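In: Here is the input, now give the coordinates:
(one chain, ligands or ions: 1)
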Amino acid sequence: MDAVRDAAAEQFTSAGGMPRYELAEWHVEYGVVAGITARDGELDFNLGPGPPDSTAMARWQSLPGGVGSGFSGVVVGRQTHGTGLGTHKRCSGRVLIRESLDGHLTSEPGLLLAVTVADCVPIYLLEPRSTTMALLHAGWRGIAAGILEAGVQHLCELAKVPPSDLVMHCGVGICGSCYEVGPEVFEAVRGQRPKGLAQLDLREDLAARARGVGLRCITLSPWCSCHDGERFFSHRRSGGTDGRMVAYLGRPAA
Ligand SMILES: [Zn+2]
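Out: As a prediction, this is how the structure comes out:
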């Protein structure tokens, strides 16, 4: 049995004035919202980079309500391409900035986990029965450092389940065709050193790693942040000047 299949693409919605793509499948099957904000002309929802100004802060404050009713807080960390993980209880009506966290876990309804991305891959992990969840930020450095393996281990401990009980989605990120890297980057992720520049598909690598630690239900987004540029922000396509999307995951409170 093939463990990996393409998910139905995240579907566009701009309900509440916030342009975003969400996994309808996860909403219907598991009762969670799993999505990512987007650019869409006038509804551009850029959340960085750089220090948060008043517009960005207002957008952060609007995020929990923007994805639907039942959310009262959002948590995001300062991302360092490391493996720092935080487990969060409910926070209300405010943005909680934590230090040096590239991944977040919770089992609390009403709290949105968030990571910012612009080519890096947001990894959505869920234990469906208890709706215990994790959201990870994974670029090549984080993947090489073991962010996926750390996130799976922590989530399994929190939910008290084996990895085979988890479902995983690798969201909007740069595709292998658009991501040419030097031999040292390729080697850091794959463990083999190519002779020169090589194409690296981060989601493919994440799926292989996930299978390696026992996950069986894995889906990959078909969207590319770089070549689907009218929809998403891309660090590579813009030469580092572009904005950031926010990937989010949460279960609404009843
Ligand atoms: Zn691409």
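In: Return the distance of the residue nearest the centre of the chain relative to T219.
Out: For the chain, the residue nearest the mean C-alpha position is P122 (2.0 Å; C-alpha atoms, centre = their mean). Plainly put, P122 is 13 Å away from T219 if you go by C-beta to C-beta, to the nearest Å. (C-beta placed from N, C-alpha, C; glycine too.)
In: Overlap in contacts, those two.
Out: By C-beta atoms under 8 Å, 6 or more residues apart in numbering, P122 and T219 have these common neighbours: C170.
In: that older thread, let me see the contact set for the residue lying closest to the residue nearest to the centre of the chain once chain neighbours are set aside.
Out: Ranked by C-beta to C-beta, 6 or more residues apart in numbering and with sequence neighbours excluded, the top spatial neighbour of P122 is A247, at 3.3 Å. Residues near A247 by C-beta under 8 Å, 6+ apart: 35-36, 114-117, 122, 124, 135, 137, 171-172.
In: Now do the helix or strand A247 falls within: distance to the chain's middle.
Out: Per DSSP states H and E, A247 falls inside strand 245-250. Chain-centre distance of strand 245-250: 6 Å, with C-alpha atoms, centre = their mean, to the nearest Å.
In: Also stretch 223-235?
Out: The answer for stretch 223-235 is 15 Å, by C-alpha atoms, centre = their mean.
In: in that stretch, what's buried?
Out: Residues of stretch 223-235 classed as buried: 223-226, 228, 231-235 (neighbour count, 16 or more other C-beta atoms under 10 Å).
In: How about that stretch and the ion, touching?
Out: Yes - using C-beta under 5 Å from the ion, stretch 223-235 reaches the ion at 224, 226-227.
In: Assign H104 to helix, strand or coil.
Out: Three-state call for H104 (DSSP: H, G, I helix; E, B strand; the rest coil): strand.
In: Tell me how many other residues crowd it.
Out: Applying other C-beta atoms under 10 Å, we find 27 residues neighbouring H104.
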